[in-house]
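Engineer: Got a predicted structure here, sequence first:
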Amino acid sequence: MQFITSIQISFLKQTFNEEKNMARPKTKLNLTPDQNEYLQSIVRSREIPHSRVQRAQIILKAAAGDNNKKISQDLGLCEVT
């Protein structure tokens with residue numbers, strides 16, 4: 001039977017924690033002009049629920065290349081949102 005040393009256990013824990021905390025690479029979000037215009041119309045609307053307006057704002061900012069932290073700060077949202 002093979003024994004695992006405390007150094008190996010420490011290394012395994014560190015590796016697991018690093019993988020767990022690693023962010024996925026950001027996927028480029030490309031909107032067509034029609035999609036962009038549709039989302040802009042949602043943002044300008046005064047009749048659409050605020051939650052939908054926020055989602056449209058998030059998508060537009062992500063398409064503009066903003067990262068999640070900047071988007072959440074600009075819109076006053078929790079970064080997890």
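Structural biologist: Looks like it arrived, so ask away.
Engineer: what are the C-alpha coordinates of stretch 46-57, in CSV please?
Structural biologist: Output of stretch 46-57 as CSV, limited to C-alpha atoms (Å, rounded to 0.1, in the frame of the first residue of the first chain):
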residue,chain,number,x,y,z
ARG,A,46,-40.7,52.7,-19.2
GLU,A,47,-43.2,49.9,-19.3
ILE,A,48,-40.9,46.8,-19.1
PRO,A,49,-40.1,45.5,-15.6
HIS,A,50,-36.9,46.8,-14.0
SER,A,51,-35.4,43.3,-13.8
ARG,A,52,-35.6,42.9,-17.6
VAL,A,53,-34.1,46.3,-18.1
GLN,A,54,-31.2,45.4,-15.8
ARG,A,55,-30.7,42.1,-17.8
ALA,A,56,-30.6,44.1,-21.0
GLN,A,57,-28.1,46.5,-19.5
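Engineer: Just the buried positions in that stretch, please.
Structural biologist: Residues of stretch 46-57 classed as buried by neighbour count (16 or more other C-beta atoms under 10 Å): 53-54, 56-57. For every residue, glycine as well, the C-beta is placed using N, CA and C.
Engineer: what does it rub up against?
Structural biologist: Stretch 46-57 has contacts (C-beta atoms under 8 Å, 6 or more residues apart in numbering) with 39-40, 42-43, 45, 75, 77.
Engineer: Produce a PyMOL select command limited to the buried residues of those residues.
Structural biologist: Here is the PyMOL selection string for the buried members of the contacts of stretch 46-57, based on 16+ other C-beta under 10 Å:
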select buried, resi 39+42
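Engineer: Just the ones of the contacts of stretch 46-57 in helices?
Structural biologist: Judged by DSSP state H, helices contain the following of the contacts of stretch 46-57: 39-40, 42-43, 75.
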